[in-house]
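Peer 1: I would like the atomic coordinates for the input below:
(chains A, B, C and D)
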2 protein chains.
Amino acid sequence: MSRAAAAESGTRNRTRRAILDAAATALYRNRKAPLADIAAAADVGRSTLHRYFPDREELVSAVIADALQRLSSSVEEARVDEGPPREAMRRLIAAMVASGDGLLFLLHDPNIFEGLDANGEPCGADAEDPDHDLPVLDLIERGQAAGVFDPEVSTAWVLSVLWGLVYTGCEAANEGTLARHAVAATVIRTFENGVAVT
Amino acid sequence: MSRAAAAESGTRNRTRRAILDAAATALYRNRKAPLADIAAAADVGRSTLHRYFPDREELVSAVIADALQRLSSSVEEARVDEGPPREAMRRLIAAMVASGDGLLFLLHDPNIFEGLDANGEPCGADAEDPDHDLPVLDLIERGQAAGVFDPEVSTAWVLSVLWGLVYTGCEAANEGTLARHAVAATVIRTFENGVAVT
DNA sequence: CCAACGTGGGACACCGATGTTCCAAAAATA
DNA sequence: TATTTTTGGAACATCGGTGTCCCACGTTGG
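Peer 2: The predicted structure is shown next:
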């Protein structure tokens, strides 16, 4: 028996992961997917799922936290605050795309952040979750100031477009419309230049 | 009693509309919103709602059909097959944006078309629903051929980006991030030129 | 080989959503 | 105003998802 909650090591971590992944996929398809389905998808007894996550609420919180975790570590290693804005943005997009499925789940439901924070704790409606977007907003602003990003539109809009395009790219890959390896490049291309030729 | 189903005229049409609209909004927020909530939102007794749409299934089918209806009539009057591609695309985007909330509901759930066709009738998995996108795909192809749209990416990708950006725009307007009247122009600008300056 | 751990599945009570029926009140129409 | 249409709400049975408990089986590791 260890003391820290961090290292539940052994079989447990694996099943936990399996459940988390299955839940992310299932919940992406249907936000209200029955726990039974999730358990089945994870190849785990409904009982076991319940043993790891007593509540449905605890499960979704964990899934959100997990996805958020992956994402923000991806973003962090993109070092958005370093180097020229355009390159930084390209690194960021690549990192986001690489986060893959968790992202789809996260962005699929606009209401996902309402009433929850990254840890699954309920939070006041005033807390928007600026933590994750702030460095990105900085990057966008920096880019606009440097004359590489369109200064005629708001940073918030650029941010929305960023998320939207990344989402579209991941979705296209999931549907087989776009090859996995081409996603990042395509998203970057469209993000920077749109679809019209000069 | 009239014979035609088309003209149920009178009070009925109004309540029907109210229910349909309320349902579109409620279902956009939560695909599994309780009928009671929808009825309440429509300012209608749960009983009445049930009188118009016996099944939940019939309700969502009707909402989908309705949204699809609005959208395709909007698109139709954009005359995408006439005039230079760039202008046609601009008209199309404006028309889509104008369709507004129904669109959000439609695009929110990627699985919405699975197992249903425009009339709410179940249909084989092979029927993809090309009816609505086909003229748009034609437009894109036409634009690529004419050298106004990026020929380096697939038409399917351009289509995805189009839907995605329109969705992002509508969502931004809904959240108040972007002024209603600015949505179309902003979407068009970004769609054509991306967010980078040449 | 034996114990502890982890698991699956059945049985159960509970609750919210759904769909049905009926009736009295409100609204539209003549 | 009289009549028909339309509505809202209560009561009810049903169903599926949820959460809990318990026990037998398989797996892991000493």
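Peer 1: any weak-confidence spans in chain A?
Peer 2: Filtered on pLDDT under 70, chain A yields the residue ranges A:1-9, A:101, A:109-131.
Peer 1: how does it divide up, domain by domain?
Peer 2: Domains of chain A are assigned by automatic domain parsing as A:8-54, A:66-193.
Peer 1: up against DNA strand C, what does chain A have?
Peer 2: Remark: the part of chain A in contact with DNA strand C comprises A:1, A:10-12, A:15, A:43-48, A:51, using CB under 7 Å from any atom of the strand. All C-beta atoms are positioned from the backbone trio N, CA, C, and that covers glycine.
Peer 1: most neighbours, which of the residues you listed?
Peer 2: Greatest neighbour count in the residues of chain A next to DNA strand C, by other CB atoms under 10 Å in any protein chain shown, goes to A:V44: 19 neighbours.
Peer 1: residues contacting that one?
Peer 2: The contact partners of A:V44, taken as CB atoms under 8 Å, 6 or more residues apart in numbering or on different chains, are A:15, A:18-19, A:22.
Peer 1: please flag which of those sit within helices.
Peer 2: A:15, A:18-19, A:22 (DSSP state H).
Peer 1: can you add distance to B:L159 and secondary structure and give the residues of chain A next to DNA strand C back as JSON lines?
Peer 2: Converted to JSON lines, these look like this (distance: CB to CB, whole Å; DSSP: H, G, I helix; E, B strand; the rest coil):
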{"residue": "A:M1", "distance to B:L159": "56", "secondary structure": "coil"}
{"residue": "A:G10", "distance to B:L159": "48", "secondary structure": "coil"}
{"residue": "A:T11", "distance to B:L159": "46", "secondary structure": "helix"}
{"residue": "A:R12", "distance to B:L159": "45", "secondary structure": "helix"}
{"residue": "A:T15", "distance to B:L159": "41", "secondary structure": "helix"}
{"residue": "A:D43", "distance to B:L159": "36", "secondary structure": "coil"}
{"residue": "A:V44", "distance to B:L159": "39", "secondary structure": "coil"}
{"residue": "A:G45", "distance to B:L159": "43", "secondary structure": "coil"}
{"residue": "A:R46", "distance to B:L159": "40", "secondary structure": "helix"}
{"residue": "A:S47", "distance to B:L159": "45", "secondary structure": "helix"}
{"residue": "A:T48", "distance to B:L159": "43", "secondary structure": "helix"}
{"residue": "A:R51", "distance to B:L159": "45", "secondary structure": "helix"}
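Peer 1: closest to chain B among these?
Peer 2: Closest to chain B out of the residues of chain A next to DNA strand C is A:R46 (19.9 Å), distances taken as CB to the nearest CB.
Peer 1: so that closest one touches A:Y52, yeah?
Peer 2: No. Between A:R46 and A:Y52 there is no contact under CB atoms under 8 Å: 11.4 Å.
Peer 1: of the contacts of A:V44, buried ones?
Peer 2: A:15, A:18-19, A:22 (16 or more other CB atoms under 10 Å in any protein chain shown).
Peer 1: need those residues in CSV (columns: distance to B:L134).
Peer 2: Shown next, in CSV, are these (distance: CB to CB, whole Å):
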residue, distance to B:L134
A:T15, 47
A:A18, 42
A:I19, 42
A:A22, 37
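Peer 1: out of these, who's nearest chain B?
Peer 2: Of the buried ones among the contacts of A:V44, the one sitting nearest to chain B (CB to the nearest CB) turns out to be A:A22, at 17.4 Å.
Peer 1: nearest residue to the closest one in space, please, no chain neighbours.
Peer 2: Spatially, and ignoring its direct neighbours in sequence, A:A22 is nearest to A:A42 (3.5 Å; CB to CB, 6 or more residues apart in numbering or on different chains).
Peer 1: and that neighbour, backbone torsions?
Peer 2: Backbone torsions for A:A42, taken as degrees, to the nearest 10, come to phi -80, psi 0.
Peer 1: distance of it from A:R31?
Peer 2: As judged by CB to CB, to the nearest Å, A:A42 and A:R31 stand 17 Å apart.
Peer 1: same check, this time on A:V197
Peer 2: Taking CB to CB as the measure, A:V197 and A:R31 are separated by 40 Å.
Peer 1: starting at the chain centroid, how far to the helix or strand containing A:G143?
Peer 2: Taking DSSP states H and E as the definition, A:G143 sits inside helix A:130-145. On the basis of CA atoms, centre = their mean, to the nearest Å, helix A:130-145 sits 17 Å off its chain's mean C-alpha point.
Peer 1: got the angle for the next helix or strand along the chain from that helix vs helix A:130-145?
Peer 2: Next in sequence after helix A:130-145, counting helices and strands by DSSP H and E, comes helix A:155-175. Orientation of helix A:155-175 against helix A:130-145 (axes from the mean of the first three to the mean of the last three CA atoms, to 10 degrees) gives an angle of 110 degrees.
Peer 1: before we move on, the earlier item: out of the contacts of A:V44, the closest to DNA strand C would be?
Peer 2: A:T15 (3.4 Å; CB to the nearest atom of the strand).
Peer 1: quick one, phi/psi of the nearest residue to that closest one once chain neighbours are set aside?
Peer 2: Nearest residue to A:T15, sequence neighbours excluded (CB to CB, 6+ apart): A:V44, at 6.2 Å. In terms of degrees, to the nearest 10, the main-chain angles of A:V44 are phi -150, psi 150.
Peer 1: kindly report the same for A:P151.
Peer 2: phi -80, psi 0.
Peer 1: that one reaches A:G143, doesn't it?
Peer 2: No. Using CB under 8 Å, A:P151 is not in contact with A:G143, being 9.2 Å away.
Peer 1: more neighbours: which of these two?
Peer 2: Just comparing A:P151 and A:G143: by other CB under 10 Å the higher neighbour count belongs to A:G143, 23 against 15.
Peer 1: good, wrapping up.
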